[in-house]
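Novice: sequence? don't have it. structure:
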């Protein structure tokens, strides 16, 4: 971890998306995969679950990721379209926490991204019904081989797979301090404006 540096309100960009872009770019110089994040979802009655996955796009419209709609996270987002993200970049002593509402991407956007995936990953999207109980590994491999035989190089977008966009209402930037009095600066959306607040560590 690099030596802890103060992180003050004067260091912030005007909006949280520009601030995230700056930190994300810097993380990419010291972390192999800065796009790895934790996604936390919950059922309508509040039962939480979390897992690691990859951020695929970010900007003023929000944070984009892809998954199976019938996976546990997909079903939870269908029933309770709110979620939280956490990015942790240990070499920099930084984390970013994002909370907000989640919408499905239009099918055209999911299709455009799906076409960029490696061929093997496209077969995998057809073979795997994420989170379902399966009898054994062989059954999964058989479904993969069936997808490869069926589609060849022209693999269509599965109807059970696609993208989500998290539209944040809070984004918190956390900077490590050696005395454990970490800097926590949060952007909070208030009536269309981003308010900056400092949180106690």
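Specialist: Nice, I can see it. No experiment lies behind these values; they were computed from the predicted model shown. Residues are numbered from 1 along each chain as shown.
Novice: Give me the distance between the residue lying closest to residue 93 once chain neighbours are set aside and residue 5.
Specialist: Distance criterion CB to CB, 6 or more residues apart in numbering; nearest residue to residue 93, sequence neighbours excluded, is residue 176 at 3.0 Å. Glycine gets a C-beta too; all of them are placed from N, C-alpha and C. Per CB to CB, to the nearest Å, residue 176 is found 9 Å from residue 5.
Novice: Kindly report the same for residue 99.
Specialist: Distance, residue 99 to residue 5, by CB to CB: 26 Å.
Novice: who has more neighbours, those two?
Specialist: residue 99 (18 against 13; other CB atoms under 10 Å).
Novice: unless I'm mixing things up, that one is touching residue 167, no?
Specialist: No - at 10.3 Å, residue 99 does not count as touching residue 167 under the criterion of CB atoms under 8 Å.
Novice: Which helix or strand lies directly C-terminal to whichever helix in the chain runs longest?
Specialist: In terms of residue count, the longest helix belonging to the chain (DSSP state H) is helix 137-151. Next helix or strand after helix 137-151 toward the C-terminus (DSSP states H and E): strand 161-175.
Novice: what lines up beside that next one in the sheet?
Specialist: With DSSP bridges as the test, strand 161-175 is paired with strand 62-68 (antiparallel), strand 94-104 (antiparallel), strand 183-190 (antiparallel).
Novice: How far away from the center of its chain is it?
Specialist: 7 Å (CA atoms, centre = their mean, to the nearest Å).
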